[in-house]
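Enquirer: got a sequence here, can you build the structure:
(chains A and B)
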2 protein chains.
Amino acid sequence: MAEIVTAAMLVIGDEILSGRTKDKNIGHLADVMTAIGIDLKEVRIVPDEEDEIVAAVNAVRARYAYVFTTGGIGPTHDDITADSISRAFGVPCEYDAKAYAMMEASYASRGMEFTDARKRMARMPRGADHIDNPVSLAPGFRIGNVHVMAGVPSIFQAMLDNVVPTLKTGAKLLSATVHCPLGEGMIGGPLADIQKAHPDTIIGSYPKYLDGTFWTELVVRARTKEALDAARAEVEAMVLRLAPRS
Amino acid sequence: MAEIVTAAMLVIGDEILSGRTKDKNIGHLADVMTAIGIDLKEVRIVPDEEDEIVAAVNAVRARYAYVFTTGGIGPTHDDITADSISRAFGVPCEYDAKAYAMMEASYASRGMEFTDARKRMARMPRGADHIDNPVSLAPGFRIGNVHVMAGVPSIFQAMLDNVVPTLKTGAKLLSATVHCPLGEGMIGGPLADIQKAHPDTIIGSYPKYLDGTFWTELVVRARTKEALDAARAEVEAMVLRLAPRS
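Expert: So this is what the prediction gives:
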């Protein structure tokens, strides 16, 4: 059985914490991680403050196999992710020669000035690898197990597509959903018994509520098809027993 | 000048980390906090694991004036928030007499069984206060500076409406947005100079990208109208200078 591979995400940006921008990257990363068999175990949203970013990245990079960050790698003064990650790793943050040359050539070819602000986007921790940015050129970077990507969703998604093939993935968590027309209060007891009888599965119960009606989606997760099917059969039988189809 | 009041949010649930459910509560809480003058400084999303919940709630409740949690207070075995918060505070998790009686009466009046699963929803840390739930009865609770609410967005929002009037709010962060038709690379230098000249403001730059076009929204934030207006005037002048209206 393949080993379990874990990850954490760090969302960097005052604009998410103020509500001004609604995050769209957490759900996307979660979907991709689930699809490739990496367990996303924690997400933190932190402000544009160097001490906070350093403390958070050091906390999560020590605990999980991979860390993915979004936000704070643009050209303005409030983009401090590269500096913060460098400090977390104890290395200088400096112009990356390859990124600098590539961006200089690109701006020249478009007759645009390579401003000091734009040059900021060529800065990264010494020793970092590039994460290609097919949308707007300025690369993200990887250092150690930390992958630093843009906050703009279309650019984040393109960068993540370039990162995924480099990741060691684990045993995919298989899942099966059983629709239950009853609210959780009717099924909580028997469902807990099924969970106890199937410790190699994770059985989740997700209450739904709309216009006065409750129902529940029951999700069985397991690393093997055998474990999944055994628990799912019991959950389906429980639902049929408690809510017979008319 | 009013003091600054801080908060953190804890989103509890495997379903958010797996991507199965897309969180809708972070953005709502962020909007409400900004509107009432509380600074949301950190958000953590943690799995349905007691050790993780206890560690996270203890980390954030020590640092911030208020903590708001969502998720894990339903009737099923994977709803372990009440137990975890109790452990974090070192108090027993037990049936709350008032919640138990209220729920027992409500189920009886509807001719429904008060199952063991439903009884779970009357459990809370000893000494906790109720947070009323006008949608589906089972209350959330407050203990110390931690407010424990439901994960279902409509119920979370209704509970939060009941919490807001109890909060001590701080100096509202005023904000003004200046639209800038240029990408960040053109404005990063001058904008950093304006930020330096106005240390009593927070100037954010939010890059936008759609179909090959870049533009930027510049947001000035300050605790006083005077500080806001002074910095905003300089940002507007900068935009006009770099991108004169035709």
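Enquirer: parallel or antiparallel, list what pairs with the least confident helix or strand in chain A by mean pLDDT.
Expert: Sorting the helices and strands of chain A by mean pLDDT, DSSP states H and E puts strand A:201-210 at the bottom, at a mean of 85. Partners of strand A:201-210 in the sheet, by DSSP bridges, are strand A:213-222 (antiparallel).
Enquirer: what is the distance between the strand it pairs with and the centre of its chain?
Expert: Strand A:213-222 has its C-alpha centroid displaced from the chain centroid by 23 Å (CA atoms, centre = their mean, to the nearest Å).
Enquirer: list the buried residues for whichever helix or strand comes after that strand?
Expert: Using DSSP states H and E, the helix or strand that directly follows strand A:213-222 along the chain is helix A:225-242. By neighbour count on 16 or more other CB atoms under 10 Å in any protein chain shown, the buried set for helix A:225-242 is A:227, A:228, A:230, A:231, A:232, A:234, A:235, A:236, A:238, A:239. C-betas here are computed from N, CA, C, even on glycine.
Enquirer: got the domain ranges for chain A?
Expert: As given by automatic domain parsing, the domain ranges for chain A are A:6-166, A:174-242.
Enquirer: and the residue nearest to the spatial centre of chain A, helix, strand or coil?
Expert: The centre of chain A sits closest to residue A:29, judged by CA atoms, centre = their mean, with a distance of 3.5 Å. Classification of residue A:29 by DSSP: H, G, I helix; E, B strand; the rest coil places it in helix.
Enquirer: not counting its neighbours along the chain, what's nearest it?
Expert: Closest residue in space to residue A:29, ignoring its immediate chain neighbours: residue A:9 at 5.5 Å, by CB to CB, 6 or more residues apart in numbering or on different chains.
Enquirer: name the element that neighbour belongs to?
Expert: Using DSSP H and E, the element containing residue A:9 is strand A:6-12.
Enquirer: now do that strand, average pLDDT.
Expert: Computed over strand A:6-12, the mean pLDDT rounds to 98.
Enquirer: C-terminal to it, what's the next element?
Expert: Next along from strand A:6-12, by DSSP H and E: helix A:14-17.
Enquirer: returning to what we had before: what's the angle from the least confident helix or strand of chain A to helix A:225-242?
Expert: Here the directions of strand A:201-210 and helix A:225-242 differ by 40 degrees (axes from the mean of the first three to the mean of the last three CA atoms, to 10 degrees).
Enquirer: how far does strand A:201-210 sit from its chain's centre?
Expert: So, by CA atoms, centre = their mean, the centroid of strand A:201-210 is 21 Å from its chain's centroid.
Enquirer: and if you look at stretch A:133-148?
Expert: Per CA atoms, centre = their mean, the centroid offset for stretch A:133-148 relative to its chain is 15 Å.
Enquirer: is that stretch in proximity to chain B?
Expert: Yes. Using CB under 8 Å from any CB of the partner chain, stretch A:133-148 reaches chain B at A:135, A:136.
Enquirer: for that stretch, measure first residue to last.
Expert: End-to-end span of stretch A:133-148 (CA to CA, to the nearest Å): 12 Å.
Enquirer: cool, stretch A:60-67 as well?
Expert: So stretch A:60-67: terminal residues 7 Å apart, CA to CA.
Enquirer: is it positioned near chain B?
Expert: No. Applying CB under 8 Å from any CB, one finds stretch A:60-67 out of contact with chain B, separated by at least 10.3 Å.
Enquirer: give me the contacts around that stretch.
Expert: A:5-10, A:38, A:41-42, A:44, A:57, A:88, A:144-147, A:167-168 (CB atoms under 8 Å, 6 or more residues apart in numbering or on different chains).
Enquirer: related to what we said a few turns ago, out of the domains of chain A, nearest to residue B:75?
Expert: Residue B:75 lies closest to domain A:174-242 among these, at 4.1 Å (CB to CB).
Enquirer: buried ones in the least confident helix or strand of chain A?
Expert: Result for strand A:201-210 [16+ other CB under 10 Å]: buried residues A:201, A:202, A:203, A:204, A:205, A:206, A:207, A:209.
Enquirer: ok, so of those residues, who is nearest chain B?
Expert: Lowest distance from chain B to these (CB to the nearest CB) belongs to residue A:205, with 3.9 Å.
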